[in-house]
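In: Here is a sequence together with a model predicted from it:
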Amino acid sequence: MAKSSAQKIEVHEGKDLKWTASAKKKVEKILAKYPDDQSRSATIPLLWLAQKEFGGWVSVDAMQLVADTLSLPYIRVYEVATFYTMFNLKPVGKYHVQVCTNCACMIRGSEKIVDVVKEATGLSGQGTISDDGLFTLTEVECLGACVEAPMMQINDGYHVKLTPESTVEILEGLKAGKTVKSTTPSKGLEIFDGK
Amino acid sequence: MASKSTATHLIRADKVFQNLDGAEDWGIKGYEKRGGYGKELKKILKTDPKDIIELVKASGQRGRGGAGFPTGLKWSFMPRPDGVRPNYLVCNADEGEPGTCKDRDILRFDPHTLVEGMIVGCHALGAETGYIYVRGEYYDETSRLQQAIDEAYEAGLLGKNIMGTGVNVDVYTHLGAGAYICGEETALLESLEGKKGQPRLKPPFPAQFGLYGCPTTINNVETIAQIPSILKRGVDWWTQFGRPNNHGTKIFCISGAVNKPCNIEAPMSISLKDLIEEHCDGVMGGWDNLQAIIPGGSSTPMLNPEQSGEVLMDFDALRELGTGLGTAGVIVMNKEVDVLDVMTRISGFYKHESCGQCTPCREGVGWVYRLMERLRDGNGTVEELDQLFDVTKRIEGRTICAFADGAMWPVQGTLKHFRGEFEKRIEAQSKKQGAA
């Protein structure tokens, strides 16, 4: 299974989550992609929207909001949110650093990249947030950029052909508040992007 | 510059993806300059769908997503729209097979090839709606694709009455959220319907009961994107490349221990050695430094150097060697690479990605991974090597989808080519323990 069943899911305590007015418009746009009687198809897109809107992770409250929006039982959203690895079930740092350690990257030295990320961010392992609140590290499976290995994804963007030096440079840039360009700088996906 | 394509190199005019390296404008203007859309598309949209399917059949194009099923035949399974249930074309852009990264470059550098393919495909299949399911990590790439779709709408190439032909096609992108199994076509449909990505039992096949229970065809990005070129340039153009039953051009992704890893569109049936020496500047440390090659993504069993030096890169030649072309994700390992470590990592990947639906896979893939880990470190017995092989055989073919097979084949391939290495480590480890 994509996630271990022991994974702890956090809640937004005391917060009554609601879509903002601009998010509501995005919800409408997403729903328009699917036949009227198949709005359940919007489950994953709405979870994306929720993750983008509410701080980079999906709480139980956010799942409930998605369920209410689609008139689905809560469990139908919960089982989806916990199946797919890209939904963060607890808060992550401002920059979610995902280093591919699958075969093609491994052959090109991804192990070293993981070490360098740990050193530069002060993280000792995966899934926790660095003291400055900036970083979370996750080792991930093949991200499909094998001919540009080793590589990592930071939030939405890919960073490829990494060396230990370029990796440090990227992370230090983020620490200094700089914008670090990804491989294919995009206009973003308007319907999923947060505020 | 050569004026004709050879067995190893395609001239520009023979490439389907002329902007695969991203050197030119990926937008609609650039694509039209490269021969995209235009009058010829209009002609195709005026052609009877039955005739299009016959042409695709005649080309013999085989699916580029891994299984190599003939596209024309797959398309011919679709019923004509009955006015009650709509037909759907779904594009599988859930590229996740380790070693494979061709669709990503199509999406970001030549997205209009796919958009035009969706228009043609929908017309041929009687579908007015097409979905492109892109893996969640390809966020920037999906953004590009969405911009291309928006451009096509603006140019009247999508929507109602395309180019005045009466053909209506809407195309939507749908972003996944991280699950390798969604590349399996029925799991992809489940995911698109908003559920966990767990494969369906077949039959019924998607052509009868697919998305929302309606007739559906699912094709890979490269497969769909090649169709307009096949129709515009003709079946004879397509069949001049590659051996019979393996015709056409193909994007190969060569990664790992080569001097210049790359995605390259080349003729089918190119020799593996030429592919690496001509297009990737060779193996790191030279051909003699080669240890093993995975020819078609992590699911396909590896080849030894001798096989690698002789094999042609096509469906049939690789099948004869007990492996497969798969996604054409070529992973090269030279002698500096610890093959057992890499293969154990691949087993770990399958353990992570099993959807958990079938017991042999859910339990077995993890069991195999743990044993691989132990054997990699020499902590096992020679008998366990036989046991490992035996268990892989008992998992293979006993699950709903081919995931477990794909997880077991590389392990079997490792045992076939590197049993000696396992035994050496076991011996060394037992000597060490004896000494202690």
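Out: Okay, I see it.

In: buried stuff in stretch B:310-321?
Out: Under the neighbour-count criterion of 16 or more other Cβ atoms under 10 Å in any protein chain shown, stretch B:310-321 has B:311, B:312, B:313, B:314, B:315, B:317, B:318 buried. From N, CA and C alone the C-beta is placed, and that goes for glycine too.

In: Count the residues that sit near residue 65.
Out: Because you didn't say which chain, this covers chain A. Burial of residue A:65 is recorded as 25 neighbouring residues (other Cβ atoms under 10 Å in any protein chain shown).

In: please go with chain B instead
Out: Residue B:65 has 26 nearby residues by other Cβ under 10 Å.

In: same check, this time on residue A:62
Out: By other Cβ under 10 Å, 25 other residues sit near residue A:62.

In: Spatially nearest residue to it, not counting backbone neighbours?
Out: Spatial nearest neighbour of residue A:62, excluding adjacent residues (Cβ to Cβ, 6 or more residues apart in numbering or on different chains): residue A:50 at 4.2 Å.

In: ok, that neighbour touching residue A:66?
Out: Yes - counting by Cβ atoms under 8 Å, residue A:50 sits close enough to residue A:66 to count as a contact (5.8 Å).

In: buried ones in stretch B:179-193?
Out: Residues B:179-193 are the ones in stretch B:179-193 that count as buried (16+ other Cβ under 10 Å).

In: near chain A, from these?
Out: Residues of those in contact with chain A (Cβ under 8 Å from any Cβ of the partner chain): B:179, B:180, B:191, B:192, B:193.

In: hey, where'd the helices end up in the stretch 151-300 of chain B?
Out: Using DSSP state H, counting those that start in this stretch, the helices of the stretch 151-300 of chain B run over B:185-192, B:221-233, B:235-239, B:272-279.

In: Go ahead and name everything in contact with the last one.
Out: If I follow you right, that is helix B:272-279. For helix B:272-279, contacts defined as Cβ atoms under 8 Å, 6 or more residues apart in numbering or on different chains pick out B:7-9, B:252, B:254, B:258, B:260, B:262, B:264, B:266, B:282-283, B:287, B:293, B:295, B:303, B:308-313, B:330, B:332.

In: Return the residues in contact with the one residue sitting closest to the centre of chain A.
Out: In chain A, the C-alpha nearest the mean C-alpha coordinate belongs to residue A:86, at 5.2 Å (Cα atoms, centre = their mean). Residues touching residue A:86, when contacts are defined by Cβ under 8 Å, 6+ apart, comprise B:136, B:137, B:177, B:178.

In: And residue B:5, by the same measure?
Out: Residue B:5 touches B:11, B:14, B:240, B:241, B:267, counting by Cβ under 8 Å, 6+ apart.

In: Then residue B:385?
Out: Residue B:385 sits next to B:375, B:415, B:419, B:422, B:423 when contact means Cβ under 8 Å, 6+ apart.

In: Over to residue B:415?
Out: Contacts for residue B:415 were tallied using Cβ under 8 Å, 6+ apart; they are B:385, B:388, B:389, B:422.

In: How about residue B:192?
Out: Counting by Cβ under 8 Å, 6+ apart, residue B:192 makes contact with A:41, B:90, B:131, B:133, B:174, B:211.

In: Tell me which stretches of chain A form strands.
Out: Taking DSSP state E as the criterion, chain A contains strands spanning A:95-100, A:135-140, A:152-154, A:157-159.

In: Neighbouring strands - and their directions - for the third one?
Out: Based on DSSP bridges, the strands next to strand A:152-154 in the sheet, each with its direction, are strand A:95-100 (antiparallel), strand A:157-159 (antiparallel).

In: quick one: contacts for residue B:189?
Out: By Cβ under 8 Å, 6+ apart, the contact set of residue B:189 is B:90, B:200, B:206, B:210, B:211, B:216, B:218.

In: Check the gap between the residue lying closest to the fifth one once chain neighbours are set aside and residue B:72 for me.
Out: So the one you mean is residue B:211. Nearest residue to residue B:211, sequence neighbours excluded (Cβ to Cβ, 6+ apart): residue B:88, at 4.7 Å. Separation of residue B:88 from residue B:72 (Cβ to Cβ, to the nearest Å): 18 Å.

In: For the residue nearest to the centre of chain A, which non-adjacent residue is spatially closest?
Out: residue B:178 (3.6 Å).

In: ok, and the most crowded of the contacts of residue A:86?
Out: The residue in those with the most neighbours, by other Cβ under 10 Å, is residue B:137 (28 neighbours).

In: Double-check that it belongs to a strand.
Out: No - assigned with DSSP: H, G, I helix; E, B strand; the rest coil, residue B:137 falls outside any strand and is coil.

In: so who does it touch?
Out: By Cβ under 8 Å, 6+ apart, the contact set of residue B:137 is A:86, A:143, A:144, A:153, B:178.

In: Identify the farthest-apart pair in those.
Out: Within those, A:86 and A:144 form the most distant pair, 13.5 Å apart (Cβ to Cβ).
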